[in-house]
Each structure stands twice: as C-alpha cells, then as structure tokens.
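K.L.:
Any chance you can model this:
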Amino acid sequence: MPVILPVKGVLPKMGENCFIAPNATIVGDVHMGDDCSIWFNAVVRGDVNSIVMGNKVNVQDGAVIHCTYEKTKTVIGNNVSIGHNAIVHGCTVDDNVLIGMGAIVMDNCKIGSNSIIAAGAVVLENTVVEAGSIYAGVPAKKVKSISQELISGEINRIANNYLMYSGWFKDPA
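P.N.:
Modelled structure (predicted):
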C-alpha cells in the first residue's frame, strides 16, 4: 500500500482515475487532478507547503516533488511528465512539459508551457524557462526552440503512454 498521510490534519486529495504505486509516498497538502500517476518510490511531499498538480501528470519512479517552508509552493500544470529520479522543488511548471530523467528544477523557477528540461539538467533557482524551449546542461540554458514534432512526439506521447501504463495496474485482466 502506498504511504498517504495527513500533515497537520491535511490529507492529500486525488482526482479521478489516478494510479498510485504501492510504494509511492504522498503526504500533506497535495491536490492532484484527474488521470495522474505517481510511480514506484516517488515522493510527493506537501508537508511544508502546498503542491498542486493538474490533470494527466505522471511522476515517474524515484522522482521527488517538494517545496520550501513558508516560501515556495509547487504548482504543476496539465499533461506534465516528470522523469525518473527528477527533483521538482518549489517551482511552477506550466502545461505540456517534459522534465527529463534526473533533472533538477529548483525554487522559484517558472517552466513555460511546451518545454523540455533535458535529462540531467539543473535549472537553477529563479530561472524562467521560455515557453516552447529545450533547456539542457548544468546550469541549464536554452539550447533550442521546440518543434511541433517534439511537442507531439515526445511531450504528448510520454504523457499519453503513462496514462496507458497506469491502466495496466488498475485492470486485473
């Protein structure tokens, strides 16, 4: 069973058709939209501030979503994929974003819609990622503008695949 705990009397709230892996952890002031999935060993920790997630967000294996006490909330839009072992901390992620495996997005960042944060990238505190961009490196910098093919072929494909994968765990057949 996943660990789902209240913090200071506030219990996480999940939308319709969400999948929570048996060893995922979700605590405190967390609001998830519909069709979300929290995968194996992922942690969504709304203990020191709030975390709000839109619809069709997948938080892949080992990823951590957190915030900063009395300073930064985490707000994640719709159709967002957060890759394996990524860290998303006290920032805003707009709609249609892919955060790559092992990437780190730090406090007060704003990730514009239709963007990709490359695997292993470190988006430093207060960075504003331009909508429709790919950011990579340490520290992360814009490497190019994103094409419509990447929006459909990567951002939407991965989000849709994770919705399909989560169905495999909900349907006993």
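K.L.:
Who does whichever strand or helix holds Lys142 pair with, and is each partner parallel or antiparallel?
P.N.:
For Lys142, the element it lies in under DSSP states H and E is strand 141-145. Strand pairing for strand 141-145, determined by DSSP bridges: strand 133-136 (antiparallel).
K.L.:
Please name every helix or strand in contact with the lengthiest strand in the chain.
P.N.:
Identified as the longest strand of the chain according to DSSP state E is strand 43-53. Applying 3 or more CB pairs under 8 Å, 6 or more residues apart in numbering; DSSP states H and E, one finds that strand 43-53 contacts strand 25-32, strand 64-66, strand 74-76. No exception for glycine: its C-beta is placed from N, CA and C like everyone else's.
K.L.:
show me the contacts for the residue positioned nearest the centre of the chain.
P.N.:
The centre of the chain sits closest to Ile82, judged by CA atoms, centre = their mean, with a distance of 4.1 Å. Counting by CB atoms under 8 Å, 6 or more residues apart in numbering, Ile82 touches 57-60, 63, 65, 76, 88, 99.
K.L.:
Can I get these in CSV including distance to Asn126, pLDDT and neighbour count?
P.N.:
Converted to CSV, the contacts of Ile82 look like this (distance: CB to CB, whole Å; pLDDT from 0 to 100; neighbours: other CB atoms under 10 Å):
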residue, distance to Asn126, pLDDT, neighbour count
Val57, 23, 98, 28
Asn58, 26, 98, 26
Val59, 23, 98, 31
Gln60, 26, 98, 23
Ala63, 22, 98, 26
Ile65, 19, 98, 27
Ile76, 18, 98, 26
Val88, 15, 98, 28
Ile99, 17, 98, 29
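K.L.:
what mean pLDDT would you report for the longest strand of the chain?
P.N.:
Average pLDDT, strand 43-53: 98.
K.L.:
Just want the angle from that strand to strand 25-32.
P.N.:
Relative orientation of strand 43-53 versus strand 25-32 (axes from the mean of the first three to the mean of the last three CA atoms, to 10 degrees): 0 degrees.
K.L.:
For the closest residue to Phe19 other than its chain neighbours, which three-state class applies?
P.N.:
By the measure of CB to CB, 6 or more residues apart in numbering, the closest residue to Phe19 outside its immediate chain neighbours is Ser166, 3.5 Å from it. What DSSP: H, G, I helix; E, B strand; the rest coil gives for Ser166 is helix.
K.L.:
so how many other residues sit close to Ser166?
P.N.:
Number of residues near Ser166 (other CB atoms under 10 Å) recorded here: 21.
K.L.:
Cool, thanks, talk later.
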